[in-house]
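Peer 1: okay, sequence plus prediction incoming.
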Amino acid sequence: MQHDGLVETVNRAAEAGRAGFYERIAAQGMAPLWHVLHGLVTETPKPAARPAHWRYAEVRPYLMEACEIISTEESERRVLVFENPGLPGQSRVTTSLFAGLQIILPGEIAPAHRHVASALRFIIEGKDAYTAVAGERTMMEPGDFVITPSWTWHDHGNLSDGPMVWLDGLDMHIVNLLSASFREGYPGRTHPITRPEGSATAEAGHGLVPIDFDHTSQTTPIFNYPYRVTREALDRMSRLRAPDACHGFKMKYINPLNGGWAMPTLATAMALLPKGFKTEPYRCTAGTVFTVVEGQGRARIGDLVVDFAPHDIFVAPSWAPYTIEATSDVVLFTYSDQGVQEKLDLFREQRGND
Ligand code: 1HN
């Protein structure tokens, strides 16, 4: 068993005699592949990311404290970032994904900007706060899945009398891997509203689109998937068929125009695990972020035991086997880079113990 990437056929005793050669090629900006090959091309995924769990009850006081020490104005976005314990200081919750909780207080405005990175918002608590995307506002409620597509102007505001908290999921690490990032601030706090609230849903949210509908982006034209609708879909499905042994009743959020994931870089889904249900072991190459919408249960991810409650966040890194057991009816929102991996023919999964 070797851990240094050196290929097995290399004669280690002879390495000392090659030192001069290695030095001379290093001066030319070159290096021997046989020192790194097996680290570069691993037998199985070897993510630095680890299984992780954040309890909302422990995180929430820090969100409240953040409100006392900095405004949305000053911070641009008041977000506490979930840092995977295996990837400290990198703003990564998995190898490829960002996760953070954003809090916005009554009357605050998170100023308009746009970036190539796409964002998802998954609403945790609060009401009567909006996000405005490309000239249309949507009011957000707990359990709603709201999208900010790549390069669209967006700002947020809270019209209620209480705090609003949501989970931000972003793909900037994928964008940055490819050095494709741009960002721009809007000259003004908010971008003008040009369409009435509900326009996107009216246009594309009912299995119909206007006959002249023109939409070239790979991101869904719907930008708020309300929890009320998602929850009912799960409920109906649970009466129609048996649960998947590894996922329970799990439904993907889709782009109705092409049937694919709602976002090209962030694959999102919602699962219902009825009380007492226990999933079969599962693993896949897409590191996955989970947040608990309803219920309590226990997840086992690799060696980590996660006793979860509503609004907790936990992470299954690439290829870590996991099971989930529902103590009560459980609803889980998930996001991952599965869509990217599928497009690139990289996605693999293993169901059960075989
Ligand atoms: C961002 O633009 C938002 O628009 C939230 O609300 C979180 C995290 C990193 C980079 C940009 C937002 C973000 C972000």
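Peer 2: Cool, got the structure.
Peer 1: what about the strands in the stretch 201-350 of the chain?
Peer 2: Listed in chain order, the strands of the stretch 201-350 of the chain (DSSP state E, counting those that start in this stretch) span 224-225, 249-252, 267-273, 282-284, 288-294, 297-301, 304-308, 313-316, 322-326, 330-336, 349-351.
Peer 1: export the second one as PDB, just CAs?
Peer 2: Same thing as strand 249-252. Taking Å, rounded to 0.1, in the frame of the first residue of the first chain, the C-alpha atoms of strand 249-252 are listed here in PDB:
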ATOM      1  CA  PHE A 249     -40.000   9.200  -1.700                       C
ATOM      2  CA  LYS A 250     -37.500  11.500  -3.400                       C
ATOM      3  CA  MET A 251     -38.400  13.900  -6.200                       C
ATOM      4  CA  LYS A 252     -36.100  16.100  -8.300                       C
END
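Peer 1: can you list the buried residues in that strand?
Peer 2: Neighbour counts over strand 249-252 (16 or more other CB atoms under 10 Å) mark Phe249, Lys250 as buried. C-beta here means a position set from N, CA and C on the backbone, and glycine is covered the same way.
Peer 1: neighbouring contacts of it?
Peer 2: By CB atoms under 8 Å, 6 or more residues apart in numbering, the surrounding residues in contact with strand 249-252 are 230, 233-234, 237-238, 243-244, 261-262, 267-274.
Peer 1: each with direction, which strands does that strand pair with?
Peer 2: Within its sheet, and counting by DSSP bridges, strand 249-252 is paired with strand 267-273 (antiparallel).
Peer 1: quick one: mean pLDDT over the strand it pairs with.
Peer 2: Across strand 267-273, pLDDT averages out at 98.
Peer 1: what's the neighbour count on the closest residue to Gly302 other than its chain neighbours?
Peer 2: Nearest non-adjacent residue to Gly302, counting by CB to CB, 6 or more residues apart in numbering: Ala320, 4.3 Å away. Applying other CB atoms under 10 Å, we find 22 residues neighbouring Ala320.
Peer 1: swap in Ala52?
Peer 2: Ala52, neighbours per other CB under 10 Å, totals 23.
Peer 1: now distance to Glu73 too, for the strands of the stretch 201-350 of the chain, in TSV please.
Peer 2: Formatted as TSV, the strands of the stretch 201-350 of the chain follow (distance: least, CB to CB, whole Å):
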stretch	distance to Glu73
strand 224-225	25
strand 249-252	37
strand 267-273	30
strand 282-284	41
strand 288-294	27
strand 297-301	38
strand 304-308	34
strand 313-316	27
strand 322-326	40
strand 330-336	29
strand 349-351	44
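Peer 1: for the ones you listed, which one ends up most surrounded?
Peer 2: strand 313-316 (a mean of 26; mean count of other CB atoms under 10 Å).
Peer 1: near the ligand, which residues of the protein are found?
Peer 2: The chain comes close to the ligand at residues Arg77, Val79, Phe98, Gly100, Gln102, Ala110, Ala119, His154, His156, Asp168, Leu170, as judged by CB under 6 Å from any ligand atom.
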